[in-house]
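Chemist: Test case, fold it:
(one chain, ligands or ions: 1)
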Amino acid sequence: MTTGPFYLGVDLGSTTAKAVVIDGDGEIVSSSTIAMGAVSRAGMQRAVDEALASAGITTADLSGTISTGYGRRLVPGAQRTFTEITCHARGTSAMVPGVRLVIDIGGQDSKAITVDDDGLVQEFAMNDRCASGTGRFYEVLAQSIDVPLEEVGALALTGSNDLEVSTMCATFAETEIVSLLAQDAPIADIASSVHRAIAARTLALVAQVGRHTPVVLTGGVAQNPAAVAFLARALNTEVLVPPHPQITGAYGAALLARDADKRGRVVVDDVAGADELFPRPSQPHSCGSCDGTLTSASTPTSVDLGLPIRLGG
Ligand code: ADP
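Modeler: Below you'll find the model as predicted:
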């Protein structure tokens, strides 16, 4: 059995809760991902309990806990919170050394983060105001064509992607997909064409920070092989996916807890998160005057951080 010290990272996202336990070498001992539907303390607790149980430890064995994600302030026992931007950069850089561009596509937002040699955030752009280009959009596709979400990517890879998909609005997408079905378009072609359109949307996000390489896709959507393939085609470069793409934020949080413990203090400046930069409306993705077309879907916001955020000595 692995011996301590142990560190816990918790990522309470908009749709899933992730918990990762690492050891003193930064190796992942256990992890857990719980689908919640909406931010939930119970879901977060289940993720933590499962990760601790499969590591064979209790909270008393932890030498540090850090939380991240949209619900990060709801995590009890965390010494500190960090935003998802900081944690995804940290976790992904540890999983894929040398990465320069991290694209994270979660349930309700997507972000492009450039990182430096040390895996520190240089610049990022984020879309959290609109479901366009997020996991939610793939869910609408799956429901509309009546295919399990886990199978939509494989199906999309078998179709041709030349159907016109004009909407990038998740609210309008269902209507457009139903209309394509009524025209007898094969569901594989619909799936493929929607994936192509979403990749174009992600390309617009990446343009805000620049197409740096190597590129790594993280978040739950990275488990969709067609999302990866169409993004690679849109970027015209290879897109890498780490072995556990959905837990990179929680892993980054656990690594920061380990850093802080080893150095006796918190060692990295945080980068503003989605909720601080753009407080979410009570209804996610309230759409305002957007007409849902590719050109006018809400514009991703780019943040130039100026000086890179440096690890303290
Ligand atoms: P968040 O951190 O915002 O909660 P995640 O990074 O956990 O989001 O990603 C959740 C999204 O990942 C879901 O909306 C769903 O679209 C997608 N997803 C999760 N599992 C799979 C899978 N097996 N195949 C394809 N997509 C998936």
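
Chemist: ends of stretch 159-173, how far apart?
Modeler: Criterion CA to CA, to the nearest Å; first-to-last residue distance in stretch 159-173 is 18 Å.

Chemist: buried residues in that stretch?
Modeler: Buried positions in stretch 159-173, judged by neighbour count with 16 or more other CB atoms under 10 Å: 159, 161, 163, 165, 167-170, 172-173. Just so you know, the C-beta spots here come from the backbone N, C-alpha and C atoms, and that holds for glycine as well.

Chemist: What is the most widely separated pair among these?
Modeler: Within these, two members stand farthest from each other by CB to CB: 159 and 169, at 21.8 Å.

Chemist: before we move on, the earlier item: and which of the buried residues of stretch 159-173 is nearest to residue 78?
Modeler: Taking the buried residues of stretch 159-173 together and measuring to residue 78 by CB to CB, the closest member is residue 170, at 31.8 Å.

Chemist: Can you say which helix or strand has residue 122 in it?
Modeler: Assigned by DSSP states H and E, residue 122 belongs to strand 121-127.

Chemist: For the very next helix or strand once past that strand, which outside residues touch it?
Modeler: Using DSSP H and E, the helix or strand that follows strand 121-127 in sequence is helix 135-145. Contact with helix 135-145 is made by 15, 105-108, 131, 148-149, 152, 168, 170, 173-174, 177-178, 181, 187, 190-191, 194, 198, 219-221, 224, 227, 285, as judged by CB atoms under 8 Å, 6 or more residues apart in numbering.

Chemist: hang on, the earlier thing: is the strand holding residue 122 in proximity to the ligand?
Modeler: No: judged by CB under 6 Å from any ligand atom, strand 121-127 and the ligand are separated, with a smallest distance of 11.9 Å.

Chemist: Packing partners of that strand?
Modeler: Strand 121-127 makes packing contacts with helix 84-95, strand 110-115, helix 187-207, strand 301-304 when contacts are defined by 3 or more CB pairs under 8 Å, 6 or more residues apart in numbering; DSSP states H and E.

Chemist: which of the ones you listed is buried the deepest?
Modeler: Among the helices and strands packed on strand 121-127, helix 84-95 has the highest mean neighbour count (mean count of other CB atoms under 10 Å), at a mean of 28.

Chemist: right, quick check: that helix against the ligand, any contact?
Modeler: No: Helix 84-95 stays clear of the ligand (CB under 6 Å from any ligand atom), getting no nearer than 7.4 Å.

Chemist: quick revisit: possible to save the helices and strands packed on strand 121-127 as TSV with mean pLDDT?
Modeler: Formatted as TSV, those follow (pLDDT from 0 to 100):
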stretch	mean pLDDT
helix 84-95	95
strand 110-115	95
helix 187-207	94
strand 301-304	50
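
Chemist: Turn these into TSV, columns for distance to residue 141.
Modeler: Formatted as TSV, the helices and strands packed on strand 121-127 follow (distance: least, CB to CB, whole Å):
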stretch	distance to residue 141
helix 84-95	24
strand 110-115	15
helix 187-207	5
strand 301-304	25
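
Chemist: what residues does the chain put near the ligand?
Modeler: The chain comes close to the ligand at residues 13-16, 106-108, 135-136, 138-139, 149-150, 219-221, 223-224, 246, as judged by CB under 6 Å from any ligand atom.

Chemist: I'd like to know which of the residues you listed are buried.
Modeler: 13-16, 106-108, 135-136, 138-139, 149, 219-221, 223-224, 246.

Chemist: Give me the nearest residue to the closest residue to the ligand within the stretch 51-200 of the chain, chain neighbours excluded.
Modeler: Using CB to the nearest ligand atom, the single residue of the stretch 51-200 of the chain nearest to the ligand is residue 135, 2.4 Å away. Spatial nearest neighbour of residue 135, excluding adjacent residues (CB to CB, 6 or more residues apart in numbering): residue 107 at 4.3 Å.

Chemist: shouldn't that neighbour be in contact with residue 220?
Modeler: Yes: using CB atoms under 8 Å, residue 107 is in contact with residue 220, at 6.5 Å.

Chemist: shared neighbours of the two, anything?
Modeler: Shared contacts of residue 107 and residue 220, defined by CB under 8 Å, 6+ apart, are found at 15-16, 135.

Chemist: Helices of the protein, residue ranges please.
Modeler: With DSSP state H as the criterion, the chain has helices at 41-55, 84-95, 135-145, 149-156, 170-182, 187-207, 225-235, 248-263, 274-277.

Chemist: Neighbouring strands of the strand holding residue 122 in the sheet, and parallel or not?
Modeler: Counting by DSSP bridges, the strands paired with strand 121-127 are strand 110-115 (antiparallel), strand 301-304 (antiparallel).

Chemist: Low-confidence bits of this protein, can you list those?
Modeler: The chain contains residues with pLDDT under 70 at 1-2, 128, 264-313.

Chemist: In contact with residue 241, which residues?
Modeler: Listed by CB under 8 Å, 6+ apart, the contact set of residue 241 reads 216-218, 222, 228.
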